[in-house]
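**Q** Just the structure for this:
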Amino acid sequence: MKLIVAASDYVGLKIIEFLSDRRAEVGWLILDPKDRGGHNSKIVQAYRKGTRGGAVEEASALKNPKFVSSLSRSRLRLGILAWWPYLLRGKVLTVPALGWVNLHPAYLPYNRGKHPNFWCLVDGTPPGVTLHAVDRGIDTGPVLAQKGLEIGWEDTGETVYKKLRDLAVDLFREVYERMVSDGLPRVPQPKGAGSFHASHEIEDVSRIALDAPTKARQLFNVIRARMFPPHPTA
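**A** Next up, the predicted model:
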């Protein structure tokens, strides 16, 4: 059962460690060249230690026609995006027999796109994590599994992010066996429901107009949502 895993940051490390412990056959490991969180060396170390693999490539390989053609001949079972910050486009989407799945730190269909940990506080939308199939849209594919997250008034953008990060790893571990055996239902997301946020939207919402009328709840939510050192505050 051959897998291809695109792994980034802390979650990518934990997913590779989990697969390594299970001696999974990961034929290819794809790394984020920006090395978010500084975990790439540990990801590779865990990959070499336990998985029955495989080659290591960078994100650009997924856009390389020659590499994608070689993947097409390898009888891949499943592709996994573990905290992957890039969109998949083109032929590579159709290479694995079961397609690709993605761990998204939001309770879809709410907060597709960027910064779900911010928007669930500011918009009051349900926080959680989702494992979904990857299609040609942005976080629009059918849902395979979800977990909701309980948060309180003491939570900030940072604490919510870290809780979602850990919850995503827990969800993956729980459903792994059913996922690779194609035993999870693929539930289409309801059309017209939920929300989407682009990266640039966070800046406009984070500006506090001192003389504009606002509710204390909304002001507090914006302030705490932007509390994530060393990132800028509201």
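**Q** Could you pull up the residues touching the closest residue to Asp32 other than its chain neighbours?
**A** Counting by Cβ to Cβ, 6 or more residues apart in numbering, Asp32 lies nearest to Ser8, which is 3.9 Å off, once chain neighbours are set aside. C-beta: built from backbone N, CA, C; applies to glycine. For Ser8, the contacting residues are Leu31, Asp32, Arg36, Gly37, His39, Ala82, Trp83, Trp84, Pro85, by Cβ atoms under 8 Å, 6 or more residues apart in numbering.
**Q** and the last one, how many neighbours?
**A** Going back to what we said before, that points to Pro85. 13 (other Cβ atoms under 10 Å).
**Q** my read is it is in a strand, agree?
**A** No. According to DSSP: H, G, I helix; E, B strand; the rest coil, Pro85 belongs to no strand; its state is coil.
**Q** State the pLDDT value of it.
**A** Looking at Pro85, its pLDDT stands at 96.
**Q** wait, doesn't Gln146 sit right on Pro126?
**A** No. Using Cβ atoms under 8 Å, Gln146 makes no contact with Pro126, being 9.6 Å away.
**Q** what touches both of these two?
**A** Tyr107.
**Q** For Leu184, which non-adjacent residue is closest in space?
**A** Leu144 (4.3 Å).
**Q** for Phe18, same thing?
**A** With Cβ to Cβ, 6+ apart as the criterion, Phe18 has its nearest non-adjacent residue at 5.9 Å, and that residue is Arg173.
**Q** Mind checking what secondary structure the one you found has?
**A** Strictly by three-state DSSP, Arg173 counts as helix.
**Q** All set, thanks.
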